[in-house]
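Peer 1: one predicted model, sequence on top.
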Number of protein chains: 2
Amino acid sequence: MSIEQEMQTVARNARIASRAIATLSSNTKNELLRNMANGLERAAPSLIAANRIDVETGKKNGLSEAMVDRLVLDESRIKAMADGLREVADLPDPVGEISSMTKRPSGIEVGRMRIPLGVIGIIYESRPNVTADAAGLCLKSGNAVILRGGSEAFHSNSAIGSILQAELKKFNLPVEIVQVVATTEREAVLELLKQEESIDLIIPRGGEGLIRFVAEHSRIPVIKHYKGVCHTYVDAIADFDMAEKICINAKVQRPGVCNSMETLLVHKDAAAIFVPQVARALRAEKVELHGCPICCDLVPDMIPATEEDWHAEYLDLILAIRVVDSIDQAIEHIQTYCSLHTEVIVTREYANAQRFLREVNSSVVMVNASSRFSDGNQFGLGAEIGISTTKLHSFGPMGLEDLTTRKFIVFGHGEVRG
Amino acid sequence: MSIEQEMQTVARNARIASRAIATLSSNTKNELLRNMANGLERAAPSLIAANRIDVETGKKNGLSEAMVDRLVLDESRIKAMADGLREVADLPDPVGEISSMTKRPSGIEVGRMRIPLGVIGIIYESRPNVTADAAGLCLKSGNAVILRGGSEAFHSNSAIGSILQAELKKFNLPVEIVQVVATTEREAVLELLKQEESIDLIIPRGGEGLIRFVAEHSRIPVIKHYKGVCHTYVDAIADFDMAEKICINAKVQRPGVCNSMETLLVHKDAAAIFVPQVARALRAEKVELHGCPICCDLVPDMIPATEEDWHAEYLDLILAIRVVDSIDQAIEHIQTYCSLHTEVIVTREYANAQRFLREVNSSVVMVNASSRFSDGNQFGLGAEIGISTTKLHSFGPMGLEDLTTRKFIVFGHGEVRG
């Protein structure tokens, strides 16, 4: 079978299997997820053995230490994966929820019922835990899932897939509800992205390169975010100690993630006091500062920022700082350079808080809080399947509900249209 | 300027202009829409003159009578366009609505605010009224719009565009909030579909050929429906007089539209009575019947249905009829042949009504009502911008809300993440 035929078969089987998972009761889905969790823990020795093949191959092929670390599965990581499935089991089931029922002048009653999307394709890189996490969220929301992980985690992902499928079998459910693509060829991804008749949504998870590749080649809708260039704007009238605390948290607590701050904007009336104050605090945390000319005047030894700095997603202990003339210029700067991820204003002025909230159309806009809160768990969505910085379907952190859609339902009593 | 550059400019200017319309108050938008309506009525003579050029050219080029009829603008159609804008002004404004505010354990308050999508591209065929209708809905929902109508309506669409822009000017708003593409080259459509940095959503309106062309070439998300193969299933235990009334209405009231019935399924226990009854009533309305073998046995002179009939969107006084063994077979038939548009069950059995509603995942599922109700106006969405039979973002008839998305908003009090 060619890879083209193989991927067609995978996608078609997923479509057929999706009907079985779509109509399962919440109780059955939850039991299935808990059994899968137990299955993963029971199979830990064979899982670790399969993982060892990937790790050894990775080391031979010269994977960086960080990459190898991401790849490794041990008892505690397997337990964390299993607990992740149990947490998903505990989340409320979005499927079947009926809302917006109204009686229309014609007599019909119209409402909306939440239903699964159908088949979801997840394309991801090295971490094998994504296999279990993504499968759990797709199952709970009534979807079949096709998982295509990185080739460096091939044996680990396949082993996880087999364990999950064994539990599906015990429930007499089609195993194609969860499929791990059984080839490491890159061509398989291209072929999957063509199956628009059978796959409803593609979610890529990984670096910008992977995401751009998927977005460019997919005929299927893709939900994605490329990067997080998050801004914090400190207004003229603000609690500078609060602002300092927020800036330190947003930059330093976990600099390598997409909701950390990359650019700090400071109102000119606050600059003389706040820029030296925050620079001192940031430097104490070993943050390298790239500043606009005014910042460089206010703080010695700052690196002069270039146009590139305003675009940069450092994901590191580096921060760009700019002094702006007004909230208008702050909003203008954000509209020009932001990645539609998360933007923060620190202010005491009610009117400015309101303006910022309304006029900045990133997926998350905050007043007086650290951008690090921008996350499905922190927002109460439960486990996060990803974050979208494009506006169609979902915008911002995505939870179970984002893996569903709503159909219209109509209760009639013999009505016909006049 | 090449067409490529021209379309880039159109799209970029729309993106810039979209910021101005996004933050207008509802009152201002409504006043603008009412002024546009008045403007159209005031300019009726020049609009009719521009339209006459299109009509004369169309006749010369051999357009069918039906096509020419769709193209014509007269006083009463201009009044209808203007009234359409006034109706949109009267609809509630979805933008700015805040929902789902909750206080999280960390202390932050998280909710969602409805915002415009940004820039919407409408690609449509001959009816010039779409120009005003679509512009009105996009404006009301805070979006800039790029309109690309059929070349046969070029002068009419340009004239309508100029009238709407004149009103934008009077409000000191950028005229690029509403742009009618000033070229009839097909290449312009291809170039527009590449502007994914500046256009957020494409809505094609027209025949299946246009829609497939747009879907295949677009890098921008497309919301679409190809066709409406709507089913009515008459269950074993049903009120046959109600079923007859519903079938006649669904097939005969307006056979040329996408929510009319194309296939009738009848439970085998109802067939002996209901198939002859409904066949008589349909034939009295001049409907041609294509039946399965059992139907052909029950009713003389029925045309034997072929595989093609089950796929057919006749848009005409023709109906395919099939007898099924069970509700399972009815659902199976629908899942195989439907276009995810609208499906109806006529039944007296509670459990079957519930099953049909849950298991049939078309965009609209009805119990005991005519499929002709499947329409934004009938469902209370106000004017309809289109209907989606794909599940991402919107599914089913689309109103103003479907031209918006939701961002997360966070009210903090200095919280940082631990």
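Peer 2: Great, that's in hand.
Peer 1: switch to C-alpha atoms for all contacts and neighbour counts from now on
Peer 2: Noted.
Peer 1: would you map the strands across the stretch 251-400 of chain A?
Peer 2: With DSSP state E, counting those that start in this stretch, the ranges of strands along the stretch 251-400 of chain A come out as A:261-267, A:288-291, A:303-304, A:318-324, A:342-346, A:364-369, A:386-388, A:396-398.
Peer 1: can you point out the buried residues in the fifth one?
Peer 2: By neighbour count, and taking 16 or more other CA atoms under 10 Å in any protein chain shown as the criterion, the buried residues in strand A:342-346 are A:Thr342, A:Glu343, A:Val344, A:Ile345, A:Val346.
Peer 1: what's the neighbour count on the closest residue to A:Glu109 other than its chain neighbours?
Peer 2: Closest residue to A:Glu109 apart from its sequence neighbours, by CA to CA, 6 or more residues apart in numbering or on different chains: A:Lys103 at 4.3 Å. A:Lys103: 16 surrounding residues under other CA atoms under 10 Å in any protein chain shown.
Peer 1: can you check A:Lys407 too?
Peer 2: When counting by other CA under 10 Å, one arrives at 28 neighbours for A:Lys407.
Peer 1: state whether it is indeed within a strand.
Peer 2: Yes - under DSSP: H, G, I helix; E, B strand; the rest coil, A:Lys407 falls within a strand.
Peer 1: and the stretch 101-250 of chain A, which residues reach chain B?
Peer 2: Within the stretch 101-250 of chain A, the positions adjacent to chain B are A:104, A:106, A:108, A:110, A:115, A:117, A:200-201, A:216, A:219, A:221, A:242-243, A:245-246, A:249-250 by CA under 8 Å from any CA of the partner chain.
Peer 1: in helices only, show me those residues.
Peer 2: A:Glu216, A:Met242, A:Ala243, A:Lys245, A:Ile246, A:Asn249, A:Ala250 (DSSP state H).
Peer 1: can you show me the CA trace of the helix ranked longest in chain A as CSV?
Peer 2: The longest helix of chain A (DSSP H) is helix A:3-22. Extracted in CSV, the C-alpha atoms of helix A:3-22 (Å, rounded to 0.1, in the frame of the first residue of the first chain):
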residue,chain,number,x,y,z
ILE,A,3,1.6,6.1,1.8
GLU,A,4,-1.2,7.9,0.0
GLN,A,5,-3.5,4.9,0.2
GLU,A,6,-2.5,4.2,3.8
MET,A,7,-3.4,7.7,4.9
GLN,A,8,-6.7,7.6,3.0
THR,A,9,-7.5,4.4,4.9
VAL,A,10,-6.5,5.8,8.2
ALA,A,11,-8.7,8.9,7.6
ARG,A,12,-11.7,7.0,6.3
ASN,A,13,-11.6,4.5,9.2
ALA,A,14,-11.4,7.4,11.6
ARG,A,15,-14.5,8.9,10.0
ILE,A,16,-16.4,5.6,10.4
ALA,A,17,-15.2,5.1,14.0
SER,A,18,-16.1,8.6,14.9
ARG,A,19,-19.8,7.7,14.8
ALA,A,20,-19.3,5.2,17.6
ILE,A,21,-17.6,7.7,20.0
ALA,A,22,-19.9,10.6,19.1
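Peer 1: what's the model's confidence in that helix, averaged?
Peer 2: Mean pLDDT, taken over the full extent of helix A:3-22, equals 96.
Peer 1: turn the buried residues of strand A:342-346 into CSV, including pLDDT and distance to A:Leu190.
Peer 2: Converted to CSV, the buried residues of strand A:342-346 look like this (pLDDT from 0 to 100; distance: CA to CA, whole Å):
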residue, pLDDT, distance to A:Leu190
A:Thr342, 98, 31
A:Glu343, 98, 35
A:Val344, 98, 38
A:Ile345, 98, 42
A:Val346, 98, 45
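Peer 1: contacting residues for the closest residue to A:Thr347 other than its chain neighbours?
Peer 2: Nearest residue to A:Thr347 in three dimensions, chain neighbours excluded: A:Ala238, at 4.3 Å (CA to CA, 6+ apart). Residues near A:Ala238 by CA atoms under 8 Å, 6 or more residues apart in numbering or on different chains: A:Val346, A:Thr347, A:Arg348, A:Glu349.
Peer 1: can you confirm A:Ala238 is in a strand?
Peer 2: No - the assignment for A:Ala238, made by three-state DSSP, is coil rather than a strand.
Peer 1: who are the contact partners of A:Glu4?
Peer 2: By CA under 8 Å, 6+ apart, the neighbours of A:Glu4 are A:Ala188, A:Glu191.
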